[in-house]
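Colleague: Kindly return the folded structure for what I paste below:
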Amino acid sequence: MKIRIRYHDNSGEVSAWAARSFRIGTTVLAMSTVALFSALITMRLAIHTGEVETPSLTGMTLEEAANASNNRKLNLTVENRFYSTTVPAGRVLSQSPAAGATVRKGWHMRITESLGPQRATIPDTVGMNEHDAGMAIRRASLDPGAMAHIPSPGLSDTVLAQTPPANAEGVDKPEVSLLLTEPYTAQPKAWVMPNLVGMSYSAASAKMREIELRVYAIVPIPAPPASADPSIPAPPPVPMAPAGYVLSQTPTAGARVTAADIAKVKMSAAAAISDPTTLITATPAANATPPAVKPR
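Modeller: Below is the predicted model of the structure:
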(Lines give C-alpha, C1' and ligand atoms only; values in the text may rest on other atoms or scores of the structure.)
Protein backbone atom coordinates (compact mmCIF):
# COMPACT_ATOMS: atom_id res chain seq x y z
CA MET A 1 0.00 0.00 0.00
CA LYS A 2 1.40 3.37 -1.02
CA ILE A 3 0.67 6.58 0.88
CA ARG A 4 0.94 9.85 -0.99
CA ILE A 5 1.58 13.03 0.91
CA ARG A 6 0.88 16.34 -0.77
CA TYR A 7 2.46 19.57 0.48
CA HIS A 8 0.55 22.84 0.04
CA ASP A 9 2.75 25.82 -0.64
CA ASN A 10 1.24 28.71 1.45
CA SER A 11 4.24 31.07 1.39
CA GLY A 12 2.16 33.63 -0.44
CA GLU A 13 -0.50 33.64 2.27
CA VAL A 14 2.14 34.07 4.99
CA SER A 15 3.64 37.01 3.16
CA ALA A 16 0.25 38.64 2.75
CA TRP A 17 -0.54 38.15 6.46
CA ALA A 18 2.79 39.65 7.49
CA ALA A 19 2.22 42.64 5.24
CA ARG A 20 -1.25 43.22 6.71
CA SER A 21 0.11 42.97 10.27
CA PHE A 22 2.88 45.45 9.50
CA ARG A 23 0.41 47.93 8.04
CA ILE A 24 -1.90 47.60 11.04
CA GLY A 25 0.98 48.01 13.54
CA THR A 26 2.28 51.07 11.67
CA THR A 27 -1.18 52.62 11.69
CA VAL A 28 -1.64 52.02 15.43
CA LEU A 29 1.80 53.48 16.20
CA ALA A 30 1.09 56.55 14.11
CA MET A 31 -2.27 57.10 15.81
CA SER A 32 -0.67 56.70 19.28
CA THR A 33 2.03 59.22 18.39
CA VAL A 34 -0.55 61.72 17.18
CA ALA A 35 -2.66 61.24 20.32
CA LEU A 36 0.36 61.72 22.61
CA PHE A 37 1.49 64.82 20.73
CA SER A 38 -2.04 66.26 20.92
CA ALA A 39 -2.18 65.60 24.66
CA LEU A 40 1.14 67.36 25.20
CA ILE A 41 0.01 70.38 23.21
CA THR A 42 -3.30 70.48 25.10
CA MET A 43 -1.50 70.28 28.47
CA ARG A 44 0.90 73.02 27.50
CA LEU A 45 -1.91 75.27 26.33
CA ALA A 46 -3.85 74.58 29.54
CA ILE A 47 -0.85 75.46 31.70
CA HIS A 48 -0.10 78.67 29.86
CA THR A 49 -3.76 79.59 29.72
CA GLY A 50 -3.85 79.39 33.56
CA GLU A 51 -0.94 81.84 33.97
CA VAL A 52 -1.11 85.63 34.08
CA GLU A 53 1.25 88.53 34.66
CA THR A 54 0.90 90.45 37.90
CA PRO A 55 -0.24 94.06 37.45
CA SER A 56 1.52 97.11 38.86
CA LEU A 57 -0.47 98.17 41.92
CA THR A 58 1.91 100.66 43.54
CA GLY A 59 0.28 104.05 43.97
CA MET A 60 -3.27 102.77 43.38
CA THR A 61 -6.04 103.10 45.92
CA LEU A 62 -7.15 99.88 47.57
CA GLU A 63 -10.29 99.80 45.41
CA GLU A 64 -8.29 100.25 42.21
CA ALA A 65 -5.82 97.57 43.27
CA ALA A 66 -8.67 95.15 44.02
CA ASN A 67 -10.24 95.74 40.58
CA ALA A 68 -6.90 95.31 38.79
CA SER A 69 -6.30 92.03 40.61
CA ASN A 70 -9.80 90.72 39.96
CA ASN A 71 -9.47 91.43 36.25
CA ARG A 72 -6.58 88.97 36.12
CA LYS A 73 -8.23 86.42 38.42
CA LEU A 74 -5.86 87.19 41.30
CA ASN A 75 -6.60 87.54 45.01
CA LEU A 76 -5.54 90.58 47.02
CA THR A 77 -4.48 90.74 50.68
CA VAL A 78 -3.42 93.81 52.68
CA GLU A 79 -0.48 92.40 54.63
CA ASN A 80 1.02 95.49 56.32
CA ARG A 81 0.39 99.16 56.94
CA PHE A 82 3.32 101.58 57.13
CA TYR A 83 3.78 105.32 57.47
CA SER A 84 5.07 107.09 54.35
CA THR A 85 5.96 110.66 53.55
CA THR A 86 5.85 110.03 49.77
CA VAL A 87 2.76 107.87 49.19
CA PRO A 88 -0.60 109.28 50.31
CA ALA A 89 -2.65 107.42 52.88
CA GLY A 90 -4.92 104.68 51.55
CA ARG A 91 -2.73 103.87 48.54
CA VAL A 92 -0.51 100.89 47.82
CA LEU A 93 3.02 101.40 49.12
CA SER A 94 4.51 98.10 47.85
CA GLN A 95 3.44 94.74 46.47
CA SER A 96 4.55 91.12 46.30
CA PRO A 97 5.10 89.58 43.75
CA ALA A 98 6.49 92.52 41.82
CA ALA A 99 4.73 93.80 38.72
CA GLY A 100 5.30 91.67 35.60
CA ALA A 101 5.85 88.37 37.41
CA THR A 102 4.18 85.26 35.92
CA VAL A 103 1.87 83.51 38.39
CA ARG A 104 -1.06 81.13 38.28
CA LYS A 105 -4.61 82.39 38.35
CA GLY A 106 -5.90 82.57 41.91
CA TRP A 107 -2.49 83.65 43.24
CA HIS A 108 -2.51 85.87 46.34
CA MET A 109 -1.14 89.37 45.77
CA ARG A 110 0.15 90.87 49.03
CA ILE A 111 0.29 94.63 49.35
CA THR A 112 1.38 97.18 51.95
CA GLU A 113 -0.98 100.09 52.54
CA SER A 114 0.38 103.56 53.13
CA LEU A 115 -0.82 105.42 56.21
CA GLY A 116 0.62 108.70 55.03
CA PRO A 117 2.89 110.78 57.30
CA GLN A 118 3.02 109.89 60.98
CA ARG A 119 0.48 111.84 63.00
CA ALA A 120 0.10 109.69 66.11
CA THR A 121 2.13 110.44 69.22
CA ILE A 122 3.85 107.45 70.76
CA PRO A 123 2.69 107.15 74.41
CA ASP A 124 5.00 106.48 77.33
CA THR A 125 4.02 103.08 78.78
CA VAL A 126 7.12 102.33 80.90
CA GLY A 127 6.06 101.42 84.43
CA MET A 128 2.47 100.57 83.45
CA ASN A 129 1.04 97.08 83.70
CA GLU A 130 0.24 95.19 80.50
CA HIS A 131 -3.46 96.07 80.48
CA ASP A 132 -2.98 99.82 81.01
CA ALA A 133 -0.18 99.92 78.45
CA GLY A 134 -2.41 98.25 75.86
CA MET A 135 -5.19 100.75 76.51
CA ALA A 136 -2.77 103.69 76.15
CA ILE A 137 -1.48 102.34 72.86
CA ARG A 138 -4.98 101.89 71.43
CA ARG A 139 -6.08 105.37 72.59
CA ALA A 140 -3.23 106.74 70.48
CA SER A 141 -4.68 104.91 67.42
CA LEU A 142 -1.76 102.47 67.44
CA ASP A 143 -1.60 98.68 67.57
CA PRO A 144 0.14 96.58 70.25
CA GLY A 145 3.17 94.89 68.70
CA ALA A 146 5.33 92.05 69.94
CA MET A 147 5.51 91.41 73.67
CA ALA A 148 8.53 89.81 75.34
CA HIS A 149 9.11 88.89 78.98
CA ILE A 150 12.25 88.93 81.10
CA PRO A 151 12.69 87.70 84.70
CA SER A 152 12.85 90.66 87.03
CA PRO A 153 12.14 91.34 90.72
CA GLY A 154 8.99 93.25 91.55
CA LEU A 155 5.51 93.08 90.07
CA SER A 156 5.03 90.88 87.03
CA ASP A 157 3.70 92.13 83.66
CA THR A 158 5.13 95.60 84.20
CA VAL A 159 6.55 97.43 81.18
CA LEU A 160 10.33 97.76 81.39
CA ALA A 161 10.90 99.19 77.91
CA GLN A 162 9.08 99.89 74.67
CA THR A 163 9.85 100.22 70.96
CA PRO A 164 9.58 102.84 69.56
CA PRO A 165 10.28 105.03 72.60
CA ALA A 166 7.81 107.60 73.83
CA ASN A 167 7.26 110.64 71.56
CA ALA A 168 9.44 109.12 68.80
CA GLU A 169 9.09 110.59 65.32
CA GLY A 170 9.70 109.09 61.91
CA VAL A 171 8.55 105.60 62.88
CA ASP A 172 7.61 103.32 60.02
CA LYS A 173 4.81 101.27 61.56
CA PRO A 174 1.86 102.10 63.87
CA GLU A 175 2.88 99.51 66.46
CA VAL A 176 4.42 99.65 69.92
CA SER A 177 6.29 96.56 71.15
CA LEU A 178 6.72 96.02 74.89
CA LEU A 179 9.25 94.33 77.17
CA LEU A 180 7.48 93.09 80.30
CA THR A 181 8.60 91.64 83.62
CA GLU A 182 7.87 88.11 84.77
CA PRO A 183 8.27 86.54 88.23
CA TYR A 184 11.91 86.28 89.20
CA THR A 185 12.99 82.87 90.45
CA ALA A 186 16.29 82.90 92.32
CA GLN A 187 18.62 80.12 91.26
CA PRO A 188 19.81 77.84 94.09
CA LYS A 189 23.42 78.16 95.16
CA ALA A 190 25.54 75.60 93.33
CA TRP A 191 29.04 74.14 93.61
CA VAL A 192 31.34 71.93 91.61
CA MET A 193 31.52 68.39 93.02
CA PRO A 194 35.07 67.72 94.26
CA ASN A 195 37.02 64.56 93.51
CA LEU A 196 36.86 62.28 96.59
CA VAL A 197 38.32 59.09 95.10
CA GLY A 198 41.31 57.85 97.12
CA MET A 199 40.40 59.83 100.26
CA SER A 200 39.48 58.38 103.63
CA TYR A 201 35.91 58.90 104.81
CA SER A 202 36.98 61.55 107.31
CA ALA A 203 38.88 63.47 104.61
CA ALA A 204 35.95 63.19 102.19
CA SER A 205 33.56 64.45 104.91
CA ALA A 206 35.80 67.42 105.62
CA LYS A 207 35.93 68.21 101.90
CA MET A 208 32.16 68.09 101.60
CA ARG A 209 31.74 70.37 104.65
CA GLU A 210 33.42 73.08 102.63
CA ILE A 211 30.49 73.10 100.20
CA GLU A 212 27.81 72.39 102.84
CA LEU A 213 26.77 69.01 101.44
CA ARG A 214 26.07 65.72 103.16
CA VAL A 215 27.95 62.55 102.31
CA TYR A 216 26.90 58.95 102.85
CA ALA A 217 29.25 55.95 102.87
CA ILE A 218 28.50 52.63 101.18
CA VAL A 219 30.55 49.92 102.88
CA PRO A 220 31.01 46.23 102.03
CA ILE A 221 28.98 43.99 104.39
CA PRO A 222 30.65 40.65 105.19
CA ALA A 223 28.50 37.53 104.88
CA PRO A 224 27.47 36.02 108.24
CA PRO A 225 29.24 32.76 109.15
CA ALA A 226 27.40 29.63 108.14
CA SER A 227 25.85 27.70 111.05
CA ALA A 228 26.30 23.95 111.27
CA ASP A 229 22.78 23.63 112.71
CA PRO A 230 20.12 25.00 110.29
CA SER A 231 17.68 25.38 113.17
CA ILE A 232 19.87 28.01 114.75
CA PRO A 233 19.11 31.43 113.18
CA ALA A 234 21.99 33.41 111.77
CA PRO A 235 23.22 36.22 113.99
CA PRO A 236 22.14 39.75 113.07
CA PRO A 237 24.60 41.72 110.94
CA VAL A 238 27.19 43.65 112.87
CA PRO A 239 26.99 47.45 112.39
CA MET A 240 29.88 48.49 110.20
CA ALA A 241 31.66 51.81 109.83
CA PRO A 242 33.48 53.04 106.71
CA ALA A 243 37.17 52.28 106.51
CA GLY A 244 39.84 52.21 103.86
CA TYR A 245 39.52 54.71 101.03
CA VAL A 246 36.90 55.96 98.55
CA LEU A 247 36.60 53.70 95.48
CA SER A 248 33.92 55.70 93.62
CA GLN A 249 31.52 58.57 94.18
CA THR A 250 28.13 59.92 93.11
CA PRO A 251 27.78 62.60 91.72
CA THR A 252 31.00 62.36 89.73
CA ALA A 253 33.77 64.91 90.14
CA GLY A 254 33.05 68.13 88.25
CA ALA A 255 29.26 67.77 88.33
CA ARG A 256 27.05 70.69 89.36
CA VAL A 257 25.58 70.12 92.82
CA THR A 258 23.26 72.08 95.12
CA ALA A 259 22.23 71.82 98.77
CA ALA A 260 19.47 69.42 97.75
CA ASP A 261 21.96 66.85 96.42
CA ILE A 262 23.39 64.00 98.53
CA ALA A 263 26.84 62.65 97.85
CA LYS A 264 27.51 58.94 98.14
CA VAL A 265 30.93 57.31 98.35
CA LYS A 266 31.76 53.63 98.04
CA MET A 267 34.44 52.60 100.51
CA SER A 268 37.05 49.91 100.00
CA ALA A 269 36.63 48.36 103.48
CA ALA A 270 34.48 48.35 106.58
CA ALA A 271 35.16 47.78 110.26
CA ALA A 272 33.01 46.85 113.20
CA ILE A 273 31.56 49.95 114.79
CA SER A 274 32.87 48.81 118.20
CA ASP A 275 36.42 49.59 117.09
CA PRO A 276 37.33 52.98 118.67
CA THR A 277 39.71 53.81 115.82
CA THR A 278 36.93 53.35 113.31
CA LEU A 279 34.61 55.59 115.28
CA ILE A 280 37.07 58.45 114.92
CA THR A 281 37.51 57.73 111.20
CA ALA A 282 33.78 57.61 110.55
CA THR A 283 32.89 60.92 112.23
CA PRO A 284 30.37 62.69 109.90
CA ALA A 285 30.22 66.36 109.00
CA ALA A 286 29.40 68.61 111.94
CA ASN A 287 26.46 70.32 110.20
CA ALA A 288 24.90 67.11 108.89
CA THR A 289 23.46 64.04 110.59
CA PRO A 290 23.74 61.22 108.04
CA PRO A 291 23.94 57.65 109.24
CA ALA A 292 27.50 56.45 109.57
CA VAL A 293 26.61 53.25 107.73
CA LYS A 294 24.40 52.76 104.73
CA PRO A 295 24.05 49.08 103.67
CA ARG A 296 24.52 48.24 100.01
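Colleague: Confirm that Ala16 sits in a strand.
Modeller: No: read with DSSP: H, G, I helix; E, B strand; the rest coil, Ala16 is helix and lies in no strand.
Colleague: model confidence over stretch 99-118, on average?
Modeller: Predicted confidence along stretch 99-118 averages 89 (mean pLDDT).
Colleague: now stretch 136-152
Modeller: 90.
Colleague: Against Val192, how distant is Lys207?
Modeller: Using CB to CB, to the nearest Å, we find Lys207 at a distance of 12 Å from Val192. The way it works is simple: take the backbone N, C-alpha and C, and place the C-beta from them, glycine included.
Colleague: Equivalent analysis for Gly145, please.
Modeller: The gap separating Gly145 from Val192 is 43 Å, by CB to CB.
Colleague: out of those two, which sits in the more crowded spot?
Modeller: When neighbours are counted by other CB atoms under 10 Å, Gly145 comes out ahead of the other of Gly145 and Val192, with 15 against 11.
Colleague: what ranges of the stretch 151-296 of the chain fall below the confidence cut-off?
Modeller: Applying pLDDT under 70 to the stretch 151-296 of the chain picks out residues 186, 223-229, 234-235, 237, 273-296.
Colleague: At which residues are the helices of it located?
Modeller: Using DSSP state H, counting those that start in this stretch, the helices of the stretch 151-296 of the chain run over residues 201-209, 276-281.
Colleague: what packs against the first one?
Modeller: Counting contacts by 3 or more CB pairs under 8 Å, 6 or more residues apart in numbering; DSSP states H and E, helix 201-209 is packed against strand 214-218, strand 240-250, strand 262-272, helix 276-281.
Colleague: So the closest residue to Ala146 other than its chain neighbours versus Gln162, what's the distance?
Modeller: The shortest distance from Ala146 to any non-neighbouring residue, by CB to CB, 6 or more residues apart in numbering, is to Ser177 (4.4 Å). Remark: distance between Ser177 and Gln162 (CB to CB) = 7 Å.
Colleague: So which of these two has more stuff around it?
Modeller: Under the neighbour definition other CB under 10 Å, Ser177 and Gln162 were set side by side, and Gln162 has more, 22 against 15.
Colleague: Just confirm that one contacts Thr125, I think it does.
Modeller: Yes: when contacts are counted by CB atoms under 8 Å, Gln162 is listed as touching Thr125 (5.4 Å).
Colleague: joint contacts of these two?
Modeller: Contact criterion CB atoms under 8 Å, 6 or more residues apart in numbering; residues bridging Gln162 and Thr125 by contacting each: 133, 176, 178.
Colleague: Out of these, which is nearest to Leu36?
Modeller: Set against Leu36, the nearest of the shared contacts of Gln162 and Thr125 by CB to CB is Val176 (62.6 Å).
Colleague: where do the strands sit along the stretch 51-200 of the chain?
Modeller: According to DSSP state E, counting those that start in this stretch, the stretch 51-200 of the chain carries its strands in the segments 51-53, 75-82, 92-96, 102-104, 108-114, 143-151, 159-163, 175-182, 190-192.
Colleague: Distance to Gly254 for the ones you listed - can I get that in a markdown table?
Modeller: Formatted as a markdown table, these follow (distance: least, CB to CB, whole Å):
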| stretch | distance to Gly254 |
| --- | --- |
| strand 51-53 | 64 |
| strand 75-82 | 52 |
| strand 92-96 | 54 |
| strand 102-104 | 60 |
| strand 108-114 | 54 |
| strand 143-151 | 28 |
| strand 159-163 | 37 |
| strand 175-182 | 32 |
| strand 190-192 | 6 |
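Colleague: Rebuild the helices and strands packed on helix 201-209 as CSV, extending it with distance to Ala203 and mean neighbour count.
Modeller: Formatted as CSV, the entries for the helices and strands packed on helix 201-209 read as follows, by distance: least, CB to CB, whole Å; neighbours: other CB atoms under 10 Å:
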stretch, distance to Ala203, mean neighbour count
strand 214-218, 11, 21
strand 240-250, 9, 20
strand 262-272, 11, 18
helix 276-281, 10, 13
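Colleague: can you pick the most crowded of the shared contacts of Gln162 and Thr125?
Modeller: Each of these was scored for neighbours by other CB under 10 Å, and Val176 scores highest at 29 neighbours.
Colleague: how much space between Arg104 and Thr125?
Modeller: Distance, Arg104 to Thr125, by CB to CB: 45 Å.
Colleague: The two: which has the busier surroundings?
Modeller: Thr125 (23 against 11).
Colleague: so how far is Glu175 from that one?
Modeller: From Thr125 across to Glu175, the span is 13 Å (CB to CB).
Colleague: next one: Ser202
Modeller: Summarising the geometry, the distance separating Ser202 from Glu175, computed by CB to CB, is 66 Å.
Colleague: Ok, Ser114 next?
Modeller: Note on Ser114: its distance to Glu175, by CB to CB, is 15 Å.
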